[in-house]
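# Sequence and predicted model, in that order:
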Amino acid sequence: MTKSMKIQDDLSTIRNDLKHFRKMHEKLLTHSEEILYTYNNKVVEETKDWLLKEYLSEFITFNRKVEATLKDIGLKKNWTLASYSESIVDNLTDIASKLPNLLGGRLDRREYDEFLKQMNNVYGLINKYLNSIEEEMIEAHQSLYTNVWDLFISHATEDKEELVRPLANALVNAGYKVWYDEFELKLGDSLRRSLDDGIHRSKYGLVVLSKNFFIKKWTNLELDALITKFSGDNVLPVWHNVSSEDVKKYSPILATFIGVKTSDGLDAIVRKVREVVIPSS
């Protein structure tokens, strides 16, 4: 699984967790009403136990997951969010310690009013915290769809050894961020999802046209996806041991694109790419 795919899965999990915490927040309100209006020792103990062992525990785990995911994406640390979460933990821990004193009127009027004020404040903090996370998720989602790679290399496997691997390395050495399957794919990755992600988040598609490329189903699907995304404008053809007639026979439209021949050498290909694409790094 590529890093961006993992982040997408993490964001999906956080959205589900967020819904879960909205419901838990409602449950906290219900519990609070029960302990404030019924002096029942069992209810208070159950609420305290739930608050410390379930709510706070899940809250801390959830908050760590959010921070880790946002860090993976590369977003700056949200200090407001961090401040909310720290204050929520402190307040809820304090509230849990005060719950037994509610029984039998062990809080005087001033303490009781302060307790109610603290409860209302923590409800507000939790709402602000959850709303802030929703805003962070929107920013995180948008960041996933910004360009990550300068070039996506589409090629036939048979051309790797002779040309594509050295070309990919030459482009990296020239400062380009390159989506090349040997750089990006890891054990267990979904090939289709990885390719979709690479195409979607690349600025240009560099297509190594060869006789091997022409007969492959998968390379044809990649080319269709690249042309669909870029409307042909950002597709850079590299002709590998093929003539203009070969390309024209394969695709009359593609034959109209200005390409570069591999017979000119790797340096010439990199120079031609530099005329069009500015490296990110």
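The structure has been received and is ready for your questions.

# hey, let's count contacts and neighbours off CA atoms from now on
Fine.

# Hmm, L151 is touching H200, no?
No: at 10.9 Å, L151 does not count as touching H200 under the criterion of Cα atoms under 8 Å.

# Quick check on these two: which one has the bigger neighbour count.
For L151 versus H200, the count of surrounding residues by other Cα atoms under 10 Å is larger for L151: 30 against 20.

# Helix, strand or coil: sort out that one for me.
strand (DSSP: H, G, I helix; E, B strand; the rest coil).

# Specify the beta-bridge partners of it.
Beta-bridge partners recorded for L151 (DSSP bridges): V178, Y204.

# hang on, the earlier thing: shared neighbours of L151 and H200, anything?
Here L151 and H200 have no joint contacts, going by Cα atoms under 8 Å, 6 or more residues apart in numbering.

# Show the pLDDT at I227.
I227 carries a pLDDT value of 85.

# give me every residue that touches it.
Counted by Cα under 8 Å, 6+ apart, I227 has contacts D233, V235.

# Ok, V172 next?
Here V172 is in contact with V178 (Cα under 8 Å, 6+ apart).

# what about it, distance to V260?
For V172, the distance to V260 (Cα to Cα, to the nearest Å) stands at 18 Å.

# got it, and L226?
With Cα to Cα as the criterion, L226 and V260 are 18 Å apart.

# okay, these two: which has more neighbours?
L226 (25 against 19).

# Check whether that one really touches V207, as I assumed.
No: with contacts counted by Cα under 8 Å, L226 stays clear of V207, the gap being 9.1 Å.

# residues bridging contact with the two, i.e. touching both?
V235.

# Give the helix, strand or coil label for E136.
helix.

# Looking at the record's assignment, how would you partition the protein?
Per automatic domain parsing, the structural domains of the chain span 3-144, 149-276.

# Quick one: end-to-end distance for the last one.
Just to be clear, that refers to domain 149-276. 15 Å.

# for the chain, which spans come out with low pLDDT?
Scanning the chain for pLDDT under 70 picks out 1-8, 32-40, 72-79, 102-107, 139-147, 185-191, 231-232, 281.

# Strands along that one, start to end?
With DSSP state E, the ranges of strands along the chain come out as 149-154, 178-179, 202-209, 235-239, 260-261.

# For these, give me CSV that also has distance to I60.
Output for the strands of the chain, formatted as CSV (distance: least, Cα to Cα, whole Å):
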stretch, distance to I60
strand 149-154, 35
strand 178-179, 37
strand 202-209, 36
strand 235-239, 47
strand 260-261, 55
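
# Out of the domains of the chain, which is the most enclosed?
domain 149-276 (a mean of 17; mean count of other Cα atoms under 10 Å).

# ok, which stretches of this structure are helices?
Counting by DSSP state H, one finds helices in the chain at the ranges 3-37, 41-50, 56-73, 79-98, 109-144, 165-173, 181-184, 191-200, 211-215, 217-230, 244-250, 266-276.

# gap between the shortest one and the chain center?
Helix 181-184 has its average C-alpha position 19 Å from the chain's average C-alpha position, going by Cα atoms, centre = their mean, to the nearest Å.

# would you put the C-alpha positions of it in PDB?
Extracted in PDB, the C-alpha atoms of helix 181-184 (Å, rounded to 0.1, in the frame of the first residue of the first chain):
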ATOM      1  CA  ASP A 181       6.500   1.300 -10.300                       C
ATOM      2  CA  GLU A 182       9.800   0.000  -8.900                       C
ATOM      3  CA  PHE A 183      10.100   3.200  -6.800                       C
ATOM      4  CA  GLU A 184       6.500   3.100  -5.500                       C
END
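
# Which strands and helices lie in contact with that helix?
Counting contacts by 3 or more Cα pairs under 8 Å, 6 or more residues apart in numbering; DSSP states H and E, helix 181-184 packs against no other helix or strand.

# try 10 Å
strand 149-154, helix 165-173, helix 191-200 (3 or more Cα pairs under 10 Å, 6 or more residues apart in numbering; DSSP states H and E).
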